[in-house]
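Novice: Predicted model, plus sequence, below.
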Amino acid sequence: MKFVKSSLALAAFSALPVSVMATEIPSIDIYGRANLSIQSSDEGEGHFSEVKSNASRIGLKGSYELNENLEVVYKAEFEVDFDGDGDVWKARNQYVGLKGTFGEVLLGKNDTMLKQSQGKTDLFSDLNGDIKYLWVGENRLSDTLTYKSPSFSGFQLGATYQAEDQVNGKDSLSVAAFYGDKKLKKSTIFASVAYDSEVKGKSKDGGAGSGYYDTVRATVQGKVSGVTLGLMIQNQENIETGAKMNGVMVSAKYNVGATTVKGQYQMADHKEGDDRSGITAGVDYKLAKSTKVYAYYTSFDMDTANDEDYLAAGIQFNF
């Protein structure tokens with residue numbers, strides 16, 4: 001029955017005039033990433049081996065031109081647990097909106113502006129060395145209204161508003177200013193400054209606790225003599241407890257043919273609390289534009305908490 005329906009739909013579309021199909025059918029791009037690693041992990045009670053699905057995902061996105069100055073844009077992305085340990089499907093960015101000369105307005109679930117402001121500076125995003133392990137602010141929020149301005153001479157502004165969603169809930173705001181291209185292909189430098197106001201979050205290591213935070217983050221990344229260098233500075237405050245944290249992250253990578261050598265250091269100085277830090281070193285080898293193999297080692301010094309160590313090798317395939 002499904003085959004018959006699909007065949008009928010295909011026949012109906014193919015019967016349409018070319019001009020009608022070009023204007024009436026929205027563009028659809030199906031994409032994804034499979035990122036799995038096998039690793040030895042030590043979270044304070046001894047080593048154990050595991051296979052991890054590192055934010056593997058699948059999604060669809062596209063646009064539909066309403067007129068020459070306005071189009072509808074949409075995305076529906078899901079995290080897929082390839083290792084079979086957790087939920088098979090988990091919502092990632094999912095939204096619909098309008099894009100035109102005024103910029104872009106989106107409604108749905110989306111990364112905050114502060115999260116987006118990191119660009120590509122976190123070289124171990126989605127892995128154990130991700131900055132979210134020690135800092136708050138890496139938030140993907142539901143019930144959001146997002147606006148991004150057009151780019152003016154490389155500068156762009158953005159804002160994320162999260163609705164309360166209930167009578168006793170709290171609304172929140174995340175704003176950012178950007179300069180340059182985060183992939184460093186259209187500019188030699190990427191820089192941003194961002195601010196979260198009363199955004200709910202927590203760090204992966206638990207050192208910051210959980211709650212509503214005011215957070216300031218400044219980021220800069222650029223190339224010097226073939227080396228891509230990054231710097232990120234963050235200040236966060238739990239507005240309920242008053243607990244504060246000052247943090248710094250530095251990263252560097254260097255490409256030699258198909259090989260990329262990279263390293264990253266992150267620090268979290270909790271006032272009247274722990275001093276925590278993490279260091280990660282790794283290497284990527286590109287097999288094709290879509291595929292790379294990699295290895296990395298991450299070590300966290302948690303002060304009064306258990307230290308953590310991770311040694312991993314994996315493969316990432318983008319489609």
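Specialist: Looks like it arrived, so ask away.

Novice: Any idea how many residues pack against Ser27?
Specialist: Ser27: 12 surrounding residues under other Cβ atoms under 10 Å. (C-beta placed from N, C-alpha, C; glycine too.)

Novice: Could you do the one 5 residues further on as well?
Specialist: A count of neighbours around Gly32, defined by other Cβ under 10 Å, yields 15.

Novice: tell me the contacts of it?
Specialist: Taking Cβ atoms under 8 Å, 6 or more residues apart in numbering, we find Gly32 in contact with 56-59, 80, 318-319.

Novice: Could I get the average pLDDT for the helix or strand harbouring Met245?
Specialist: Element membership of Met245, judged by DSSP states H and E, is strand 244-256. The average pLDDT for strand 244-256 rounds to 98.

Novice: what's the next secondary structure element after it?
Specialist: Next element after strand 244-256 (DSSP H and E): strand 259-270.

Novice: got the angle between that following strand and strand 244-256?
Specialist: 170 degrees (axes from the mean of the first three to the mean of the last three Cα atoms, to 10 degrees).

Novice: now the next helix-or-strand element following strand 259-270: how far from the chain's centre is it?
Specialist: Later in the chain than strand 259-270, the nearest helix or strand by DSSP H and E is strand 275-288. Centroid separation for strand 275-288 versus its chain: 16 Å, with Cα atoms, centre = their mean, to the nearest Å.

Novice: What of stretch 36-45?
Specialist: Taking Cα atoms, centre = their mean, one finds the center of stretch 36-45 at 22 Å from the center of the full chain.

Novice: Tell me the buried residues in that stretch?
Specialist: Neighbour counts over stretch 36-45 (16 or more other Cβ atoms under 10 Å) mark 36-37, 39, 41 as buried.

Novice: cool, stretch 43-53 as well?
Specialist: 52-53.

Novice: Number of residues surrounding Ser251?
Specialist: Residues lying near Ser251 (other Cβ under 10 Å) number 23.

Novice: Was I right to think it contacts Gly230?
Specialist: Yes: here Ser251 reaches Gly230: they are 4.0 Å apart, a contact under Cβ atoms under 8 Å.

Novice: Overlap of the contact sets of these two?
Specialist: Counting by Cβ under 8 Å, 6+ apart, the residues touching both Ser251 and Gly230 are 121-123, 221.

Novice: From those, which land in helices?
Specialist: Here DSSP state H is the test, and the shared contacts of Ser251 and Gly230 give no hits in helices at all.

Novice: just curious, which of these is nearest to Asn238?
Specialist: Distance to Asn238, by Cβ to Cβ, is smallest for Asp122 among the shared contacts of Ser251 and Gly230, at 22.4 Å.

Novice: Might one say that the closest one is in contact with Trp135?
Specialist: No: between Asp122 and Trp135 there is no contact, the gap being 10.1 Å when judged by Cβ under 8 Å.

Novice: Can you pick out the residue with more neighbours from those two?
Specialist: Set side by side, Asp122 and Trp135 show more neighbours around Trp135, with 27 against 22, by other Cβ under 10 Å.

Novice: what about the more buried one, distance to Gln118?
Specialist: Note on Trp135: its distance to Gln118, by Cβ to Cβ, to the nearest Å, is 10 Å.

Novice: Please apply the same query to Val199.
Specialist: In terms of Cβ to Cβ, Val199 sits 15 Å off from Gln118.

Novice: want to try TSV for the buried residues of stretch 36-45, with pLDDT, distance to Lys90 and secondary structure as columns?
Specialist: What follows is those, written out as TSV (pLDDT from 0 to 100; distance: Cβ to Cβ, whole Å; DSSP: H, G, I helix; E, B strand; the rest coil):
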residue	pLDDT	distance to Lys90	secondary structure
Leu36	98	16	strand
Ser37	98	18	strand
Gln39	97	21	strand
Ser41	97	21	strand
